[in-house]
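J.: Structure for this input, please:
(2 chains)
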2 protein chains.
Amino acid sequence: MPDKTNTRKYGFTLPAQEGMDDVVVELAKRWGADAIRDSDGTVLSDSITSLGYEIYSTLCLIRADQEWNRAHPEDNQQKFLFSEPHVARAHTIRVDILARYSPEQYRIDEINDCKKYWEVINRTTGEVVPVADWDYADGIVTVRNCAPWNIYSVNFLVFQIWETTSMYNHLTNNWGDKPHQSGVDPRKKATREHLARFLDKWLETHPGTDVVRFTSMAYQFPIITNPAHETLYQDWYGYLDCMSAQALDEFEAKKGYRLRPNDIVENGYFCSTDRVPGRAYLDWIEFVHEFMVEWSKDCVRRVHAAGKKAVLFYCDHWIGTEPYKPRFQEIGFDGIIGPCINGREVRRIADVPGGLVKELRLYPYFFAVDLLNRPTFQEGGDPVADCKRYWMWIRRAMLRKLVHRIGYGGYLDLAVKFPDFIDYIEYQTKEFYGICENTDFTPVENAPFRVGIFNAWGQDRSWGYDQSWPEGAIVESLSGQPFDLVWLNFDDIRGGIAKDIGVIINLGLAGTSWSGGENWKDPRVVAAIREFVDQGGGFLGVLDPTACENGGAYFQLWDVLGVQKEVGLSNDTKKILPTDEVDGHFLLADSANGAPDLGKHVEGIYPCVASAEIVAKDAGGSVTIAANKYGKGRGVYLAGFKFGAEQNRLLQRALWFAAGKEDAMPKRWFSANIHTEIAGYPETKKYIVINNANEPQTTVITDGKGNERTVELAANASRWFNDDGREIT
Amino acid sequence: MPDKTNTRKYGFTLPAQEGMDDVVVELAKRWGADAIRDSDGTVLSDSITSLGYEIYSTLCLIRADQEWNRAHPEDNQQKFLFSEPHVARAHTIRVDILARYSPEQYRIDEINDCKKYWEVINRTTGEVVPVADWDYADGIVTVRNCAPWNIYSVNFLVFQIWETTSMYNHLTNNWGDKPHQSGVDPRKKATREHLARFLDKWLETHPGTDVVRFTSMAYQFPIITNPAHETLYQDWYGYLDCMSAQALDEFEAKKGYRLRPNDIVENGYFCSTDRVPGRAYLDWIEFVHEFMVEWSKDCVRRVHAAGKKAVLFYCDHWIGTEPYKPRFQEIGFDGIIGPCINGREVRRIADVPGGLVKELRLYPYFFAVDLLNRPTFQEGGDPVADCKRYWMWIRRAMLRKLVHRIGYGGYLDLAVKFPDFIDYIEYQTKEFYGICENTDFTPVENAPFRVGIFNAWGQDRSWGYDQSWPEGAIVESLSGQPFDLVWLNFDDIRGGIAKDIGVIINLGLAGTSWSGGENWKDPRVVAAIREFVDQGGGFLGVLDPTACENGGAYFQLWDVLGVQKEVGLSNDTKKILPTDEVDGHFLLADSANGAPDLGKHVEGIYPCVASAEIVAKDAGGSVTIAANKYGKGRGVYLAGFKFGAEQNRLLQRALWFAAGKEDAMPKRWFSANIHTEIAGYPETKKYIVINNANEPQTTVITDGKGNERTVELAANASRWFNDDGREIT
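T.: Residues are numbered from 1 along each chain as shown, chains lettered A, B, ... in the order given. This is a model prediction of the structure:
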């Protein structure tokens, strides 16, 4: 019988299911679970909730009471969509505005005045069509006085009548004619009051629940689908689903200006997080956040009043809560949970400020298919292989920043059909508990300088590079590297770089929020970085760092990086500097066969200052790795990245080298074999060596005192040692 | 003995050299020469000029009288340069402005007031530094009150003290301490008057000269070199070397506004022809052209008055003459000569409007090395292989538009050491004369629709795509294709596309003058093309056609092309249309092994309308060839191009298909074997079949009457036939 009063700082959350009490008890024992949860589509029977485990109950208030939602269609959640761009072949055109969207997901807003809230735009000229020139009826906007052959589209409001997460779960699990659930907007007064009453009642009627697992609060990140249910648009950070006519009016009252529909629709780009945010969108985020802090605070207060804990699932309807913004702390959550498939998702939870209990909901989810619709818990699936691959990424990140809990979600009846999976989770949980016990949540010892990674978003979007090529790979690599990482935005560096930072990273494709776009035209930005590097700092640029045409330069910090990019606009300027690769460069000292494969990379890179060292170039002669001395500091450039052992080490070396501290790298906490890594915890006087590879490895490690020793590791294994070298078993 | 009064419409110009009279006579006979020329560095002896051939004498007025040039350093030609960008590490910086340039080529202008004519720019902010904040002395500009870590550079005037062509020839031929020649500027009154006197005198003292071959008039296209004589910048169309303090003042008087130095320096990009020209640069071109028309007219008048002919070498100092602008005809040249290494250089001369005699100066030039410094007429060189390769490109272009004369240049004593080269030129000249005789300069019969190729330059830069990747290759292919080609600029299409045009082509990298850049934001441009295609026209887009972010689209004519490009700013918008390749598409009907290699190509291309046909894609899934129906017309997209037989045929098919006339393609003047081509001349009732390959080929041709027959061709051979199918031997 588990003991709810256990004092362990760590734990495991087991998804349970009605009628599986024996299995739950057995698995809880084998996996060390101290908490039981339900999932969307599962119910915990009284027999389970009374087993003595801590009970996590999921609660999604905005779709919890479908009866209310059906009775208040005017309070369904809203968003702006744009109609398919329409070529004006005549002076009058008729636009079927919802044609490209799922009519199951959206209903056109015929309640609020379209002439007030919508916009018809000539996208060729950018002009807004006068409201007198268009009308709406029966799903069709008729536009008159069109300029022939110009392109028109309508930014219009819809109600979302099928809530995104339940729609996903419904379609993924083939729930057939089970009724579609909608979501309501707590910004609406009647609904907000109803939800408060509902929550109080729910708390009262769930005496067995210890922890309310909000999944999540109000607004989902956008997943927009077409009539065939294909995803048209998805942005984990997108502030689209928090829109409403009322919110627009309140925004105007609060911020002093009116948002245009196109401030959010952005000609169809929807202010994707990959794009440099404009003032209006940032104001909109802040406006929604302000509301969500207040409303969430009220919900948490009610949970606490009922003697329960409140935790936030940092996914699905997380929009507006903003765990990295200071006011998140006001809400008072007891914990935060994130879905986690890799190292950067570990860090997205682990790095959240404040003293919350942090938990990872690991993958694979106990569904028959995964997010990419590949088989998992069914014939053709291999959940152990999936889980092991994820765990190799997750484990190394945990060594840098640990969370308190792990767990799974979904349908236990699917998982138990895979006994090898049950075995593997037993191994995984033991390895996790070992990390918790041996580190006791004390800090790892990283390199003696901090690394700042900066983009247009900064800390608010920590670990948020969600493009797959190759920002994700490099941030993934960083999630387990021996560096204290800080996330900065351009405002954070305009006035100068903080003293404790040794290297700053700018990473992204040209024009994106990650590279920074027009921010690079700000003299304060380039001056701050030049001064920082000149005084001994390091600057690592990846892909299109500092890219923004200005004053005769494309990479604005060409002088620091030592390289420039030819985009086809200066071919008449001849590239005369030699591109001979330097031999035996520090950056490549661990690469057995020349420079590691950087995968698909940026091309057209050439040296532009005589001091540039060409470390590697591609078959076409475009530089892929370069280094440059700049005052007392250094610039390093990488044209691409790919996750792998050689590449991880290249990145590690690049950061030490950029910091001008490459001599110190191998002297403490260093593992010579690139498939292995080491992490040391001075406060507990213990260290761990891990093998990321699927084959056994031998490595020579250097411990925190500078002592070397050889360590053998089985495939994927980890070994713990005391600081005197004795193994901890 | 040759007969100067011969009535042949065609001829050959032989470069002669003092002391080689016998060789000249023998080669003239073998090669059918009717004219003899000198070259830079060679002199024609009286014995040669009296042999009875027409005598071409090169004359470059601006460097013909070095004594005058030395006595008038203030009249040396000028240009704007920019200093190396300089990071302000302190409030006061000292910039060695000429440091990055060859001091042998340039001397800083210390004659004209630098405070009036120069500019110091903060290139970080774009601001011009107040003249009070800088001073010039002894090659150094001292800038005060700098913003630390901003970048400064100086736009300054120099005199060019070593004339570009003579510098190139001097260095290429190792002329050692032979004195450097300078050039003077005819805009200066005293010099202009002197040059007129000099020309009159020269004409008087060269009684043996029949044709004055101006090489060329006044202003060279820029070749800027560094202290190591490496080329820093080169633009065959660049208007940099026609600058002077006086010209700036006259420009202001004439155009009503003052040019800023940076209007020409353009932050170091120097208004490269690859860049979309701004108003100021276009005005500057027009201003120089106006002067050059007047001055050239005066020179030609003097030549005619002396009973001689005047021809223009359309290279070197051609700037300002502008053979494709209407006022060029006013000058009165009798002929125009162009260097020619390939088909598009054939067409650049052959397509010049007006009734001038057109001549090609073929390659290899009789120098020991070629333009890329590879051996030609020396050990290790293979001038026959070079010449044959060029001739395969040249011959096919000539079948579309013929010139009157060919010839060579350089040092005959080098060429005669290669007897196989002497033999090959005999073959080449015979083949050329055969084309002249069998066509009698009557028009070839091309496809029954015109093809318009348009960019920011239009007709003025006909055949001028000088980027090598892959604009050059596709324009090269077009130079010999069976289509009447017209060159258009954006002004030519804003009001609509001419009725006789069947297909228009937009070809170039994003943002370049060739693609068009910001021109694509003009609603008149996109509307005109949409209407044209909708009504049955064709639009062929290559690389980044219509590329310019606007209104939610990157390729502005995505609706016509059927494809769009992802540049990393809309990854959250999912690409849901299938990219399955259609089977057996007309475009690929001659490609034995799938789509031909398009070499390095544009990536990130995806279908964006349901009607798009994916004809080919690359290994990463990016579309490389696509077609789309649009109203009664079609759009076709190519992501790249590479010169070759399969690719030529692909392009040919793309144009017929875009025009909606693919059924007509094989019915007349068609050769089935892609290594061969056919050209028919209705007026002379003859046709030719050529083999572009180095191996023998068999083909089935369809003649102008639709009759098919099989033709065998030896490697590289051509065969002429009468319209009844009898061979002409």
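J.: Only the buried residues of the strand or helix carrying A:Ser57, if you could.
T.: Element membership for A:Ser57, per DSSP states H and E: strand A:54-59. For strand A:54-59, the neighbour count (16 or more other CB atoms under 10 Å in any protein chain shown) marks A:Glu54, A:Ile55, A:Tyr56, A:Ser57, A:Thr58, A:Leu59 as buried. To be clear about C-beta, it is placed using only N, CA and C from the backbone, and glycine gets the same treatment.
J.: Just checking, which helix or strand of chain A averages the lowest pLDDT?
T.: Within chain A, no helix or strand scores below helix A:46-49, which has a mean of 82 by mean pLDDT, DSSP states H and E.
J.: ok, the buried residues of strand A:54-59 vs chain B, which is closest?
T.: A:Thr58 (27.1 Å; CB to the nearest CB).
J.: thinking again about what came up before, packing partners for the least confident helix or strand of chain A?
T.: Other elements packing on helix A:46-49 under the criterion 3 or more CB pairs under 8 Å, 6 or more residues apart in numbering or on different chains; DSSP states H and E are helix A:21-31.
J.: Quick check: longest helix in chain A by residues?
T.: helix A:279-305 (DSSP state H).
J.: Does chain B have contacts with that helix?
T.: No. If you take CB under 8 Å from any CB of the partner chain as the test, helix A:279-305 misses chain B, and the best it gets is 13.7 Å.
J.: Model confidence for the residue nearest the centre of chain A, exactly?
T.: Residue closest to the average C-alpha location in chain A (CA atoms, centre = their mean): A:Gly464, at 3.7 Å. Looking at A:Gly464, its pLDDT is 88.
J.: What are the phi and psi values at it?
T.: A:Gly464 adopts backbone torsions of phi -100, psi 10, taken as degrees, to the nearest 10.
J.: Ok, A:Ala137 next?
T.: The phi/psi pair for A:Ala137 (degrees, to the nearest 10) is phi -160, psi 140.
J.: Which residues of the stretch 401-550 of chain A lie near chain B?
T.: So far as CB under 8 Å from any CB goes, the stretch 401-550 of chain A lies against chain B at A:467, A:509-512, A:523, A:526-528, A:530-531, A:534, A:550.
J.: sorry, back to before: nearest to B:Thr684 among the buried residues of strand A:54-59?
T.: Set against B:Thr684, the nearest of the buried residues of strand A:54-59 by CB to CB is A:Thr58 (87.3 Å).
J.: wait, what's in contact with that closest one?
T.: The contact partners of A:Thr58, taken as CB atoms under 8 Å, 6 or more residues apart in numbering or on different chains, are A:Arg37, A:Asp38, A:Ser39, A:Asp40, A:Arg213, A:Thr215, A:Phe313.
J.: what's across from A:Ile93 in the sheet?
T.: As for beta bridges, A:Ile93 partners with A:Val143 under DSSP bridges.
J.: Touching, it and A:Ala147? I think so.
T.: No. If you go by CB atoms under 8 Å, A:Ile93 and A:Ala147 don't touch, sitting 10.8 Å apart.
J.: Neighbour count for those two, which is higher?
T.: The neighbour comparison of A:Ile93 against A:Ala147 (other CB atoms under 10 Å in any protein chain shown) goes to A:Ile93, with 20 against 17.
J.: The more buried one: what's it in contact with?
T.: So, once contact is read as CB under 8 Å, 6+ apart, A:Ile93 ends up touching A:His86, A:Thr142, A:Val143, A:Cys146, A:Tyr152.
J.: As a markdown table, these with neighbour count and distance to A:Phe483 would be great.
T.: Compiled in a markdown table, those are given as follows (neighbours: other CB atoms under 10 Å in any protein chain shown; distance: CB to CB, whole Å):
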| residue | neighbour count | distance to A:Phe483 |
| --- | --- | --- |
| A:His86 | 23 | 51 |
| A:Thr142 | 14 | 59 |
| A:Val143 | 21 | 55 |
| A:Cys146 | 22 | 56 |
| A:Tyr152 | 23 | 50 |
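J.: chain center to the host helix or strand of A:Leu540, what's the gap?
T.: Applying DSSP H and E as the criterion places A:Leu540 in strand A:538-543. Relative to the centre of its chain, strand A:538-543 is centred 21 Å away, using CA atoms, centre = their mean, to the nearest Å.
J.: What residues sit buried inside stretch A:694-710?
T.: For stretch A:694-710, a neighbour-count test (16+ other CB under 10 Å) marks A:Gln697, A:Thr699, A:Ile701, A:Thr702, A:Asp703, A:Gly704 as buried.
J.: again with stretch A:423-439
T.: Buried residues in stretch A:423-439, defined by neighbour count with 16+ other CB under 10 Å: A:Tyr424, A:Ile425, A:Gln428, A:Thr429, A:Glu431, A:Phe432, A:Tyr433, A:Ile435, A:Cys436, A:Glu437, A:Asn438, A:Thr439.
J.: Show me those residues that map onto helices.
T.: Per DSSP H, the subset of those in helices is A:Tyr424, A:Ile425, A:Gln428, A:Thr429, A:Glu431, A:Phe432, A:Tyr433, A:Ile435, A:Cys436, A:Glu437, A:Asn438, A:Thr439.
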